[in-house]
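Asker: 3D, please:
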Amino acid sequence: PLPRHPALLIYTSGTTGRPKGVLTTHANLTAQITALTEAWAWTRHDRILHTLPLHHIHGVVNALACALWSGAAVEFGSGAPASTWDRLASGEVTLFMSVPTVYTRLIRAWEEAAPAVRERWSRGAAGLRLTVSGSAALPVRTFERWREITGHTLLERYGMTEIGMALSNPLHGQRRPGDVGVPLPRVELRLVDDSGRPIAPGGPAASRPAPAGQPGEIEVRGPQVFREYWRRPADTAAAFREDGWFRTGDEACIGDGGHYRILGRRDIDIVKTGGYKVSALEVEELYRTHPAVRDIAVVGVPHPEWGEQLRAAWVPAVRGGRAEAGGSAGATTLPDGAELRTWGKERLAPYKVPHTFTPVADLPRNAMGKVQKTVARRMLTDPEGRSVTSRPGSSANPPESRTA
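Answerer: Reported below is the predicted structural model:
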């Protein structure tokens, strides 16, 4: 096959809309693989424990293709927490890549294990060369707890089906929780404002980054960007600017040290309420530090006065009268919505605090563990566009069928 010929067809996850087939050429795939093998220093001596799905770019390109390109070994695992820990602690594995949900489960399994097993797992896992997290935002407490348990600082990166990986924290150097690093080799990346004007000129390796703290949509250009959406020419045309920049639909800003920080999908995670733009990811990260909150999804729903209203579905950290991992050990009484709003207002600007909080057994997720925000939004809105809760700050349960 020639470099321009199709090599891979993977469908997008569909977390914010209908899945689209992403057609990647041999040249695109080669660029995606070589950027990662160079940045993460893959060699034939590596051995990766592979527990990711093979219908997603994380499992196909990052974990499998990079290993094969480098002549490294690939060991497929069941994904069960105990067996995963045993293999990570075996001394035979050098790399592990997964998603935040899996790291949370591994942490919970470690915390529930006997002291001797914990010590064996931690001592063995310390010998890994690299552990990587992606496909969804990594909670700060998961980032910190994994480092406490294994001695490893998770490497976060940013990418999507259409572009492979575009940003990565350094293999060697400081990795900050919430940051996704800088552009990978040969990746052009820029931020643009709402009218499409560059906030700062784009360029390879973030040589001319946007001003610190100023948000904008991520646009990417380079040999790794896909060719087209399969049999969807109108969607393909809408996704690209005339000069070849691909519009990702993700919003980001520049943090300390020139590292990028993802604020969320523009169509679901960036909520426009009362003239303000709010990053749902920022609000979620704050509330995950509340001792009663195990997880949370924040969305905007239509509102006649404010444009959109912030609402939250949250998973309590207490089940069956005991605290979940990461929760308060003695907490058995759940806070109501008013208490959660008060707590948030002490730490956030008032317009960033969700108007309602609805407790749920779990959040809707796809196969990669990513929260399906469109489903969560439907959970918090009735067919006529009204809240499922009865009053501001309330904490009522939605119907059972809507939390599956």
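Asker: List the contacts of the residue lying closest to residue 70 once chain neighbours are set aside.
Answerer: Spatial nearest neighbour of residue 70, chain neighbours left out: residue 42 (3.9 Å); criterion: C-beta to C-beta, 6 or more residues apart in numbering. Backbone N, C-alpha and C define where each C-beta goes, glycine included. Residue 42 sits next to 36, 66, 67, 69, 70, 72 when contact means C-beta atoms under 8 Å, 6 or more residues apart in numbering.
Asker: sec struct for the spatially most central residue of the chain, please.
Answerer: Closest to where the C-alpha atoms of the chain average out (C-alpha atoms, centre = their mean) is residue 136, at 1.4 Å. Under DSSP: H, G, I helix; E, B strand; the rest coil, the three-state class of residue 136 is coil.
Asker: Residue 377 now?
Answerer: helix.
Asker: how much space between it and residue 136?
Answerer: Look at residue 377 and residue 136: by C-beta to C-beta, to the nearest Å, they are 17 Å apart.
Asker: likewise residue 284?
Answerer: Taken as C-beta to C-beta, the span from residue 284 to residue 136 is 11 Å.
Asker: Give me the below-cutoff pLDDT ranges for this structure.
Answerer: Within the chain, the segments meeting pLDDT under 70 span 14-17, 200-212, 319-332, 382-404.
Asker: Show me it divided up by domain.
Answerer: Per the record, the chain has its domains at 6-264, 270-402, by automatic domain parsing.
Asker: distance between the last one and the chain's centre?
Answerer: So that's domain 270-402. 18 Å (C-alpha atoms, centre = their mean, to the nearest Å).
Asker: Output stretch 238-255 as CSV, nothing but the C-alphas.
Answerer: The C-alpha coordinates for stretch 238-255 follow below in CSV (Å, rounded to 0.1, in the frame of the first residue of the first chain):
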residue,chain,number,x,y,z
ALA,A,238,-17.0,21.3,8.4
ALA,A,239,-14.2,19.9,10.5
PHE,A,240,-11.3,21.5,8.6
ARG,A,241,-10.4,25.1,7.9
GLU,A,242,-9.3,26.0,4.4
ASP,A,243,-5.6,26.1,5.4
GLY,A,244,-5.8,22.5,6.8
TRP,A,245,-6.3,23.1,10.5
PHE,A,246,-8.6,20.5,12.1
ARG,A,247,-11.2,21.9,14.6
THR,A,248,-11.1,19.5,17.5
GLY,A,249,-14.1,21.0,19.4
ASP,A,250,-12.1,20.8,22.6
GLU,A,251,-11.3,23.9,24.7
ALA,A,252,-8.1,24.4,26.5
CYS,A,253,-5.8,27.0,28.1
ILE,A,254,-2.1,27.4,28.8
GLY,A,255,-1.0,26.7,32.4
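Asker: got the contact list for that stretch?
Answerer: Contacts of stretch 238-255 (C-beta under 8 Å, 6+ apart): 16, 158, 160, 162-163, 176, 178-180, 190-191, 196, 202, 209-221, 225-226, 229, 260-267, 269-270, 279.
Asker: Buried residues in it, which are they?
Answerer: Counting neighbours by 16 or more other C-beta atoms under 10 Å, one finds that the buried residues in stretch 238-255 are 239, 245, 246, 247, 248, 249, 250, 251, 252, 253, 254.
Asker: Please give me every residue in contact with residue 37.
Answerer: If you count contacts by C-beta under 8 Å, 6+ apart, residue 37 has them with 66, 69, 70.
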